[in-house]
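S.K.: below is the sequence, then the predicted model.
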Amino acid sequence: MQQATKVKLNLYRHQDLARCAPLARYIFPGLKILAGSGRRLRYDLAAIQAELLPYEKIDLRALEALIDELVVAGAICKEKEGQREYLVIQSIGPNGFAKDHDE
């Protein structure tokens, strides 16, 4: 059974996120849900596309560009651990995204 996730309204009012394409803003809450409480998920474009955009005709390069927009906005960051790459979802505080990692 999946756990319920609450999306806070300040997500939709975030100025840096507002600069992203609408589809990038659409997938952000889904990435947060996929990451779970650890706020980290394996960076597998095919799996992300299958889970979040199963009915959209979008190629993986376009999805990667959307994720890169979220990285530039500070909503997520990419981490590499050995051969694997992960996405880390940042917390949204009153003053923007909290940086929970070393860049």
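M.R.: All right, it came through fine.
S.K.: CA only for contacts and neighbour counts going forward, please
M.R.: Fine.
S.K.: flag the shaky bits of the chain, pLDDT-wise.
M.R.: Scanning the chain for pLDDT under 70 picks out 1-11, 92-103.
S.K.: quick one: the strands in the protein?
M.R.: Secondary structure of the chain (DSSP state E): strands at 40-42, 76-81, 84-89, 91-93, 96-98.
S.K.: which among the ones you listed is found nearest to Cys20?
M.R.: Set against Cys20 and scored by CA to CA, the strands of the chain come closest in strand 76-81, at 12.5 Å.
S.K.: ok and the closest one relative to strand 84-89, angle-wise?
M.R.: 150 degrees (axes from the mean of the first three to the mean of the last three CA atoms, to 10 degrees).
S.K.: what lines up beside strand 76-81 in the sheet?
M.R.: Strand 76-81 sits in its sheet next to strand 84-89 (antiparallel), going by DSSP bridges.
S.K.: what residues of the strand it pairs with count as buried?
M.R.: For strand 84-89, burial by neighbour count (16 or more other CA atoms under 10 Å) applies to 86-89.
S.K.: and those residues, which is closest to Leu53?
M.R.: Closest to Leu53 out of the buried residues of strand 84-89 is Leu87 (17.2 Å), distances taken as CA to CA.
S.K.: what are the bridge partners for the closest one, then?
M.R.: Judged by DSSP bridges, the bridge partners of Leu87 are Leu41, Lys78.
S.K.: correct me if wrong: it contacts Gly38.
M.R.: No: under the criterion of CA atoms under 8 Å, Leu87 makes no contact with Gly38, lying 10.9 Å away.
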